[in-house]
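A.B. asks: with the input below, show me the fold.
(4 chains)
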There are 2 protein chains.
Amino acid sequence: MSTVKGARARARTEITAAIKDEARGQLAKEGAAKLSLRAVARELGMVSSALYRYFPSRDDLLTALIIDAYDSLGAAAESAHETVAGAEPLARWTAVCEAVRGWALAHPHEYALIYGSPVPGYTAPLTTVPAAARVGLLLIGIVRDAHEHGGLTEPPLPAELLGEAERMAADFAPGLPPEAVAALVAAWAQLYGLVGFELFGQFNRMVEDREPFFRHAVVRLAHGVGLRPVPPEEQA
Amino acid sequence: MSTVKGARARARTEITAAIKDEARGQLAKEGAAKLSLRAVARELGMVSSALYRYFPSRDDLLTALIIDAYDSLGAAAESAHETVAGAEPLARWTAVCEAVRGWALAHPHEYALIYGSPVPGYTAPLTTVPAAARVGLLLIGIVRDAHEHGGLTEPPLPAELLGEAERMAADFAPGLPPEAVAALVAAWAQLYGLVGFELFGQFNRMVEDREPFFRHAVVRLAHGVGLRPVPPEEQA
DNA sequence: GTCTATAACGAGATAGAC
DNA sequence: GTCTATCTCGTTATAGAC
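C.D. replies: Below you'll find the model as predicted:
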């Protein structure tokens, strides 16, 4: 992130960006399974061996694209969240969810890359985890705020799930009641079900007016997590 | 579906099945994007042009695999539903949802084919629609039964969605209140979000005890649609 | 009629020598 | 970094076996 750098470093970041841009273009045309270093090089007027100075393998290029996609989605969600920073949790929840949907509709192939079918023969390394967690952390923060300010009604949880929910809370959502964590993880998966169905064409000839449909669904998702509209005077 | 057929017809169905089986194997190894008629033929000891007697094109083979997958999923869901045919709607709902998850875990590549990222350059023809609708029709039937026997509490619906919900009800769920139809379509998408997240690895290092987690989530999905446990004496 | 095999096309990927 | 020879692919035309 240094702003001052030599010409060599600048050229390197520029070429790296050009490679990733071209690779994203191939993602759209052929899909992640057919992403080929050679085709990227040809399109850039380079030779395939030159690409290996920037990405040691096709899988590393894929990993970089995945991290970029998660980061782009995370940044879109965070910026949408900031525009409603002072609002009540339910409004912040829907703002984040709508940002996720908006980003997905604007970047369908990158969405497919991170939330669609796995790429055969590729397994994502752990380096993708921090970028992948950004949206989740945002949602956790919203629910935590609601919890701390009395705007959270804990959803029911069967006894057989209590231990698992407590473990999840300790792992990545400390301070939240386990009931809310279990509900939040489920809501998170369900949010992506809604987005994926729209994006992958499952709503074709079924749901026409998708934006209000989605908005209503995510409000009900929030209710399932325990978020309720709270009058301002009740907030601390 | 004729049980009596000549040797010619029998050979034809056998070879058709062998082609599809081999193609499913390639689906698992290389993904749908790389499904190749030539590779299928090679593996079967045939020559590629001979396959055109059975499938007019590669896309038609893909379509056949997609329809088979939808039908296999639909049959699994229907058979699970039949084993609890007399039970209350909520129990039938969870039985169908668990059958969907079970089928998906047993057939991950076929699940990815029908509910994962679209195959680049391929668009499913309308012939896939009837098979694709089977699980949805099952869920509609369950909700309709609940509605007719007083076991359905209509979920809330904002005014802006009422027209859309009425259109959806008229299109594919006549007799159901529009509130329930809108909630059902959302729940359907959310169900596949839960299944897809587990299948595609998004729950790795997050949710360990997945079966009870899923069971609880689909019960809450059913509540969202308006299904509640009803005491037996209240059922007609 | 029904099927399989041969051969070929145009397009694209790939490996290796230079 | 360049070039070429050799692969793969989907698809079609054609000829012959059952």
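A.B. asks: please count neighbours and contacts with C-alpha atoms only from this point.
C.D. replies: OK.
A.B. asks: tell me the domain boundaries of chain A?
C.D. replies: Residue ranges for each domain of chain A read A:1-56, A:58-234, as given by automatic domain parsing.
A.B. asks: show me what residue of chain A gets nearest to chain B.
C.D. replies: Among all residues of chain A, residue A:193 sits closest to chain B, at 3.4 Å; criterion: CA to the nearest CA.
A.B. asks: for that residue, what are its contacts?
C.D. replies: Listed by CA atoms under 8 Å, 6 or more residues apart in numbering or on different chains, the contact set of residue A:193 reads B:189, B:190, B:191, B:192, B:193, B:194, B:196.
A.B. asks: spatially nearest residue to it (excluding sequence neighbours)?
C.D. replies: Spatial nearest neighbour of residue A:193, excluding adjacent residues (CA to CA, 6 or more residues apart in numbering or on different chains): residue B:193 at 3.4 Å.
A.B. asks: separation between the one you found and residue A:194?
C.D. replies: Taking CA to CA, to the nearest Å as the measure, residue B:193 falls 7 Å from residue A:194.
A.B. asks: which of the domains of chain A sits most buried?
C.D. replies: Ranked by mean neighbour count, the domains of chain A are led by domain A:58-234 with a mean of 19 (mean count of other CA atoms under 10 Å in any protein chain shown).
A.B. asks: elements contacting the lengthiest helix in chain A?
C.D. replies: Taking residue count as the measure and DSSP state H as the definition, the longest helix of chain A comes out as helix A:58-83. Using 3 or more CA pairs under 8 Å, 6 or more residues apart in numbering or on different chains; DSSP states H and E as the contact test, the elements touching helix A:58-83 are helix A:7-30, helix A:89-106, helix A:108-115, helix A:129-132, helix A:134-148.
A.B. asks: on that earlier part again, so the residue of chain A closest to chain B is in which element?
C.D. replies: Secondary structure assignment for residue A:193, by DSSP states H and E: helix A:178-199.
A.B. asks: what's the angle between that helix and helix B:178-199?
C.D. replies: Between the direction of helix A:178-199 and that of helix B:178-199, the angle (axes from the mean of the first three to the mean of the last three CA atoms, to 10 degrees) works out to 100 degrees.
A.B. asks: report the angle between helix A:178-199 and helix A:134-148.
C.D. replies: Angle, helix A:178-199 to helix A:134-148, by the same axes, to 10 degrees: 140 degrees.
A.B. asks: tell me the helix or strand right after helix A:178-199.
C.D. replies: Reading on from helix A:178-199 to the C-terminus, the next helix or strand found by DSSP H and E is helix A:210-225.
A.B. asks: need the contact partners of that following helix.
C.D. replies: Contact with helix A:210-225 is made by A:90, A:93-94, A:97-98, A:154-155, A:180, A:183-184, A:187, A:191, A:194, A:198, A:207, A:228, B:157-158, B:160-161, B:182-183, B:186, as judged by CA under 8 Å, 6+ apart.
A.B. asks: and it, C-alpha only, in CSV?
C.D. replies: C-alpha atoms of helix A:210-225 as CSV (Å, rounded to 0.1, in the frame of the first residue of the first chain):
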residue,chain,number,x,y,z
ARG,A,210,-37.2,-8.9,-7.9
GLU,A,211,-35.9,-5.9,-6.0
PRO,A,212,-38.9,-5.5,-3.7
PHE,A,213,-39.1,-9.3,-3.4
PHE,A,214,-35.5,-9.4,-2.2
ARG,A,215,-35.9,-6.4,0.1
HIS,A,216,-38.9,-8.0,1.9
ALA,A,217,-37.1,-11.3,2.1
VAL,A,218,-34.0,-9.9,3.8
VAL,A,219,-36.2,-8.0,6.3
ARG,A,220,-37.8,-11.3,7.3
LEU,A,221,-34.3,-12.8,7.4
ALA,A,222,-33.3,-10.1,9.9
HIS,A,223,-36.4,-10.9,12.0
GLY,A,224,-35.3,-14.5,12.1
VAL,A,225,-32.0,-13.4,13.6
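A.B. asks: where does chain A have low pLDDT?
C.D. replies: Using pLDDT under 70 as the threshold, the predicted model of chain A has low-confidence ranges A:1-4, A:230-236.
A.B. asks: if we go to 80?
C.D. replies: Low-confidence segments of chain A, defined by pLDDT under 80: A:1-6, A:8, A:229-236.
A.B. asks: residues of it that sit close to DNA strand C?
C.D. replies: Proximity of chain A to DNA strand C, by CA under 7 Å from any atom of the strand, involves residues A:36, A:38, A:39.
A.B. asks: in a markdown table: the residues you listed, plus secondary structure.
C.D. replies: Putting those into a markdown table (DSSP: H, G, I helix; E, B strand; the rest coil) gives the following:
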| residue | secondary structure |
| --- | --- |
| A:36 | coil |
| A:38 | helix |
| A:39 | helix |
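A.B. asks: for residue A:185, give its distance to residue B:200.
C.D. replies: Using CA to CA, residue A:185 is found at 15 Å from residue B:200.
A.B. asks: can you name the residues of chain A that neighbour DNA strand D?
C.D. replies: Going by CA under 7 Å from any atom of the strand, the residues of chain A near DNA strand D are A:46, A:47, A:49, A:50.
A.B. asks: how about those, which pair is most distant?
C.D. replies: A:46 and A:49 (8.4 Å; CA to CA).
A.B. asks: same list as before, the residues of chain A next to DNA strand C that is, but in a markdown table and with distance to residue A:217 included.
C.D. replies: What follows is these, written out as a markdown table (distance: CA to CA, whole Å):
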| residue | distance to residue A:217 |
| --- | --- |
| A:36 | 39 |
| A:38 | 43 |
| A:39 | 41 |
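A.B. asks: list the residues that contact residue A:82.
C.D. replies: Neighbour list for residue A:82: empty [criterion: CA under 8 Å, 6+ apart].
A.B. asks: so it versus residue A:63, what's the distance?
C.D. replies: Residue A:82 sits 28 Å away from residue A:63, going by CA to CA.
A.B. asks: now swap in residue A:114 and tell me
C.D. replies: Residue A:114 is 10 Å from residue A:63, by CA to CA.
A.B. asks: same check, this time on residue A:133
C.D. replies: Between residue A:133 and residue A:63 the distance is 15 Å, computed by CA to CA.
A.B. asks: what does residue A:177 give?
C.D. replies: Plainly put, residue A:177 is 34 Å away from residue A:63 if you go by CA to CA.
A.B. asks: reformat the helices and strands packed on helix A:58-83 as TSV; add distance to residue A:76.
C.D. replies: Formatted as TSV, the helices and strands packed on helix A:58-83 follow (distance: least, CA to CA, whole Å):
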stretch	distance to residue A:76
helix A:7-30	18
helix A:89-106	6
helix A:108-115	13
helix A:129-132	12
helix A:134-148	9
